[in-house]
Structures are given as structure tokens and as C-alpha cells.
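Undergrad: Can you look at this prediction? I've put the sequence above it.
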Amino acid sequence: MPVARITKSAVDKLPLGAVLWDSDVIGFGVRRHRSEAKHYLLRFRFAGRQTFKRIGTHGSPWTADTARQEARRLLGLIASEMNPSAEPEHSGTFGAEVERYLTHKSRGMKPGAFTRTALYLRQHAKPLHQLALTEIDRRRIAQLLSSVEQSSGAATRNRFRAALSAFFNWLVREGLLDTNCVTGTGKGSKVHHARGF
């Protein structure tokens, strides 16, 4: 299996289906699945068994350097006879960050507003939940907004869009994304019907 120092350049050049193991940190690797997604992982032995721990998807916040630091931290747990697989996965997915955001907002948002925000982000945004933040772009958001408008109307689209935009602004402030990909998407246009028809 290929062994070399894992760098951004090496990750960018990784072919489909390939795995690269790091020359600096034993067991630290990156795998490119049969898509554009590349995932950092750690291979280790615990209690006599070889196992794998997924660190996260390449992109913000996981770079070659931050993932290597996390691999070292996990190896420190193993040295202390703690199983890193028992820890929750730091996946950086949209769904995981939604739950973190809602936990954060629950402390300062009025109950009614919080319930509506949770509905939009948990239900209307469900098609995004399994995606890494870096896999979500303006085109994907625009398609989702269009789908919500078709099923629930323009008003719901606009409220959902506002909730999404606030969430993405928070992600930017958290340093997880550089831009808000809701910016530039269109608002729904309400259809006015004449009275009596």
C-alpha cells in the first residue's frame, strides 16, 4: 500500500478507490471512495483486534494537518487503554452540525421560533443531512428550495431559506465554511389569486 506524508496536494491527487497511509503517524490514512469524497481514518489495534476509526471528510474543518493532529490524539487514547471507537464520530456532516447549532440556539431563542427553526433544519433540510459541509453548494441549495416551494409553497420556501441562511452564517462564524452558499439563491414568488375565483 502507498505510504507517504499526507499533504493537501497528495490528497487532491488521490485516485478513485485509493488509500494513502501517512509516513509520519503510523495508522493515519486517507481514502478516496468512488466519488469526490476523501475520508481521513485511523487504523489501530485495540484489545488484540485491528479496527478503523473514521476521522472525517477532507475539507473544512478536516485538512491533512488537523486530521493528523486528531490521529495523534486518538493514538494517545489507545496508549492510555481507552478505545477511540467509543467516541462519537466528528463527521462534519450537515446533520451533525444542525444538532450542534440547535443546541446552541436553544439557550437564547424563543420556544416558538426555536420549534420552527428545528422543523426547517431537521425536516425540510433532511436531504442534506448525510452530506459533508464541503459537498453542499449554491446549486444544491437552490434545488432544495425549489423542491420545498413545490411541495409547501412560496412562504414556506422563504422561511426555510431564512433559517438555512442563519445556519450557514453560523457555520462561517464557527470557521467551518468560508461562505454562505444560501446567498444568491432566489426567494419564492407568491401567487396572488383574484377574489371570487
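TA: Perfect, thanks for sending it.
Undergrad: Please tell me how far the residue nearest the centre of the chain sits from F28.
TA: Residue closest to the average C-alpha location in the chain (CA atoms, centre = their mean): T93, at 2.3 Å. Separation of T93 from F28 (CB to CB, to the nearest Å): 21 Å. The C-beta positions use only the backbone N, C-alpha and C, and glycine is treated the same way.
Undergrad: thinking again about what came up before, please name the bridge partners of the residue nearest to the centre of the chain.
TA: Under the criterion DSSP bridges, T93 forms beta bridges with A132.
Undergrad: I'd assumed Q130 was in contact with it.
TA: Yes. Using CB atoms under 8 Å, T93 is in contact with Q130, at 6.1 Å.
Undergrad: Distance of A4 relative to G17?
TA: Distance from A4 to G17, by CB to CB: 17 Å.
Undergrad: How about L77?
TA: 29 Å.
Undergrad: what does K8 give?
TA: 20 Å.
Undergrad: L131 now?
TA: Counting by CB to CB - L131 and G17 are separated by 20 Å.
Undergrad: Give me the more crowded residue out of those two.
TA: L131 (16 against 9; other CB atoms under 10 Å).
Undergrad: residue contacts, that one?
TA: T93, F94 (CB atoms under 8 Å, 6 or more residues apart in numbering).
Undergrad: Report pLDDT for it.
TA: L131 carries a pLDDT value of 85.
Undergrad: ditto for the one 5 residues further on
TA: Looking at I136, its pLDDT is 90.
Undergrad: and it, what does it touch?
TA: Contacts of I136 by CB under 8 Å, 6+ apart are F94, L128, C181.
Undergrad: Report the buried residues of the longest helix along the chain.
TA: Assignment by DSSP state H gives helix 154-173 as the longest helix of the chain. Neighbour counts over helix 154-173 (16 or more other CB atoms under 10 Å) mark 156-161, 163-168, 170-171 as buried.
Undergrad: Reduced to three states, what does R54 come out as?
TA: strand (DSSP: H, G, I helix; E, B strand; the rest coil).
Undergrad: Would you mind confirming that L171 makes contact with T134?
TA: No. Assessed by CB under 8 Å, L171 is found out of contact with T134, at 11.0 Å.
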